[in-house]
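>>> Following is a predicted model, sequence given first.
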Amino acid sequence: MLSDCFRYGMSTASCRAKTLVKYFGEEFSSDRCLICDICVTGLPELQNLKDDATIFLQALATLNTRYRNPFDDGTIYSEDRSGKLKEKANLRSVISEIRLQSQKFAATDQLWWRGVARILEAKGYICEGDDMVRVCIKYPEPTELGLKFLQSETEDPFYAYAEADMLLSMKKCKSFSSFSDWKRGWADPEIRRQRLQRKQFRTKKRKRHSGRQRRDLSTARGRIAAKISKLKQ
């Protein structure tokens, strides 16, 4: 129930009222309610997540064939036929492996990959690796359908609506990119000159006002100081 509520909150692909009514086994009379946030703001732009899904499944497949120290923290192990302990990777280790394998996704944050994992789980490409039902998948394992997708060499796109945490990740990336653009601007002599001029102007403005002190005319000292100031002028 908690997992379903979380997915309802993260989903951006359909009207919320319609999703709720369908969840309880009823049919919604209209396609949209026109009052929920999805209906008011509209659906987000469809994203082609083919590269994201492929690198996620590749990293997961790599970790599933790797044997590691059984005393590492945060990892579940199961015994295979040879008696060796085989790792069940958690989501964090998958993200770390993605960053090692692909320079393109080296800066992509955990929020984005949580959303991608949720989409892959909904598509049936991955599943939870243990018996617990969680709000967000913790120990992803590839399914047969996921392995078929990974082995297929087709160029077909993988379209999906970015979920709420993925949209937040995209906003963060934009702010970081704008900061990078600002930093790179210092290499341009004209941009550097304009920025330094603005900085000097703001500094002079602060210095000019810093000498002015507001006098409290409600006190005798303040009134006397005000009179002396007028006589000096």
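It's in. Numbering: from 1, shown residues only.
>>> any idea how far the residue lying closest to residue 14 once chain neighbours are set aside is from residue 55?
Of all residues not flanking residue 14 in the chain, residue 38 sits nearest, at 6.8 Å (Cβ to Cβ, 6 or more residues apart in numbering). C-beta here means a position set from N, CA and C on the backbone, and glycine is covered the same way. For residue 38, the distance to residue 55 equals 29 Å [Cβ to Cβ, to the nearest Å].
>>> One more: residue 228?
Counting by Cβ to Cβ - residue 228 and residue 55 are separated by 74 Å.
>>> before we move on, the earlier item: burial count for the residue nearest to residue 14?
Look at residue 38: counted by other Cβ atoms under 10 Å, it has 21 neighbours.
>>> What residues sit buried inside the helix or strand it falls within?
Using DSSP states H and E, residue 38 maps to helix 37-41. Buried residues in helix 37-41, counted by 16 or more other Cβ atoms under 10 Å: 38, 39.
>>> Identify all contacting residues around that helix.
Helix 37-41 has contacts (Cβ atoms under 8 Å, 6 or more residues apart in numbering) with 12, 14, 15, 16, 32, 33, 34.
>>> could you flag which of the residues you listed are buried?
Buried among the contacts of helix 37-41 by 16+ other Cβ under 10 Å: 12, 14, 15, 16, 33.
>>> what's downstream of the helix holding residue 38, the next helix or strand?
In N-to-C order, the element after helix 37-41 by DSSP H and E is strand 46-48.
>>> Pull up the pairing partners for that following strand, direction included.
Under the criterion DSSP bridges, strand 46-48 sits next to strand 159-161 (antiparallel) in its sheet.
>>> Format the contacts of helix 37-41 as TSV; extra columns: secondary structure.
Conversion of these to TSV gives the following (DSSP: H, G, I helix; E, B strand; the rest coil):
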residue	secondary structure
12	coil
14	coil
15	coil
16	helix
32	coil
33	coil
34	coil
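>>> which of those residues sit farthest apart?
12 and 34 (16.3 Å; Cβ to Cβ).
>>> Strands of this protein, start to end?
46-48, 76-79, 85-88, 126-128, 140-142, 159-161 (DSSP state E).
>>> Least confident of those strands, on average?
The weakest mean pLDDT among the strands of the chain belongs to strand 76-79, with a mean of 48.
>>> quick revisit: turn the contacts of helix 37-41 into CSV, columns for pLDDT and distance to residue 168.
Below are those laid out as CSV (pLDDT from 0 to 100; distance: Cβ to Cβ, whole Å):
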residue, pLDDT, distance to residue 168
12, 71, 11
14, 78, 19
15, 82, 21
16, 81, 18
32, 79, 24
33, 86, 24
34, 80, 25
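>>> between these, which is nearest residue 112?
The closest of these to residue 112 turns out to be residue 12 (Cβ to Cβ; 14.0 Å).
>>> who's in contact with the closest one?
38, 43, 44, 161, 162, 163, 164, 167 are the contacts of residue 12 under Cβ under 8 Å, 6+ apart.
>>> Produce a PyMOL select command limited to the buried residues of those.
Burial among those is assessed by 16+ other Cβ under 10 Å; the matching PyMOL selection reads:
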select buried, resi 38+44+161+162+163+167
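>>> Nothing else from me, thank you.
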